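Q: Sequence first, predicted model second:
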Amino acid sequence: MASNTSTPNGSAVTELDVAEWPGTNMLGVSMNRVDFALGGTNPTHIHPHATEIGIIMKGELLVGIIGSLDSGNKLYSKVLHAGETFLVPRGLMHFQFNVGKTEASMVVSFNSQNPGIVFVPLTVFGSNPPIPTPVLTKVQRVDAGVVELLKSKFTGGSYWCSMYILKQKHRRLSQYLNQIISCVHAKEQPTSKLALIGREREAMDR
């Protein structure tokens, strides 16, 4: 069943990794399903811990991969149709964009139970605390007004960013509970581990 794609990006990700499926722990595998509305996009992002391989299940998607500086930041892109596949090497920036006339979907898998994700726009313009505007005006080569406008789109007050943060909190809490359960099953006395979890839980709630 397709997820709700009524989001600012026009896409929705259903994750199946160690947080949602503890049985994948230490097995080095996880999967995502991504659904796209008309014109929807999975914005530029990086998976720092895993290589990604995907298959288009429905529709037409423009898949883009940006090479490293050594490649001259070359963009490798192609429109893929249902049944076609793609591969993204670990750590390379990439995106998908629905260029078809219908909704689209894809399924991707990773060679890690926790591939990690870094959304480039959110990281640059929605960091906490924020990157100083003078730094971004110099780096992005635009004036302060443009930087502040972009920051306003990716701060904690935006719908997309708020939903992402809530989802990350849920994932981290699930991981903490799994750690506690594993200690109980092993009949350990996880005093130091629980203390660390408590400190991280307090930081998460701030």
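A: Cool, the structure landed. Numbering: from 1, shown residues only.

Q: Break down the protein into its strands, ranges please.
A: For the chain, the strands defined by DSSP state E cover 11-16, 30-36, 41-46, 52-58, 60-66, 75-81, 85-88, 93-98, 104-110, 118-119.

Q: Distance to residue 154, mean neighbour count and mean pLDDT for the ones you listed - can I get that in JSON lines?
A: C-beta: built from backbone N, CA, C; applies to glycine. Shown next, in JSON lines, are the strands of the chain (distance: least, C-beta to C-beta, whole Å; neighbours: other C-beta atoms under 10 Å; pLDDT from 0 to 100):
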{"stretch": "strand 11-16", "distance to residue 154": "16", "mean neighbour count": "17", "mean pLDDT": "92"}
{"stretch": "strand 30-36", "distance to residue 154": "20", "mean neighbour count": "22", "mean pLDDT": "96"}
{"stretch": "strand 41-46", "distance to residue 154": "11", "mean neighbour count": "18", "mean pLDDT": "96"}
{"stretch": "strand 52-58", "distance to residue 154": "23", "mean neighbour count": "18", "mean pLDDT": "98"}
{"stretch": "strand 60-66", "distance to residue 154": "20", "mean neighbour count": "20", "mean pLDDT": "98"}
{"stretch": "strand 75-81", "distance to residue 154": "23", "mean neighbour count": "14", "mean pLDDT": "98"}
{"stretch": "strand 85-88", "distance to residue 154": "23", "mean neighbour count": "16", "mean pLDDT": "98"}
{"stretch": "strand 93-98", "distance to residue 154": "16", "mean neighbour count": "22", "mean pLDDT": "98"}
{"stretch": "strand 104-110", "distance to residue 154": "24", "mean neighbour count": "22", "mean pLDDT": "98"}
{"stretch": "strand 118-119", "distance to residue 154": "9", "mean neighbour count": "16", "mean pLDDT": "94"}
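
Q: For this structure, which segments count as helices?
A: 120-125, 133-140, 144-154, 159-185, 191-205 (DSSP state H).

Q: what would the strands of the chain look like in a markdown table with distance to residue 148?
A: Below are the strands of the chain laid out as a markdown table (distance: least, C-beta to C-beta, whole Å):
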| stretch | distance to residue 148 |
| --- | --- |
| strand 11-16 | 26 |
| strand 30-36 | 30 |
| strand 41-46 | 20 |
| strand 52-58 | 34 |
| strand 60-66 | 26 |
| strand 75-81 | 28 |
| strand 85-88 | 32 |
| strand 93-98 | 24 |
| strand 104-110 | 34 |
| strand 118-119 | 20 |
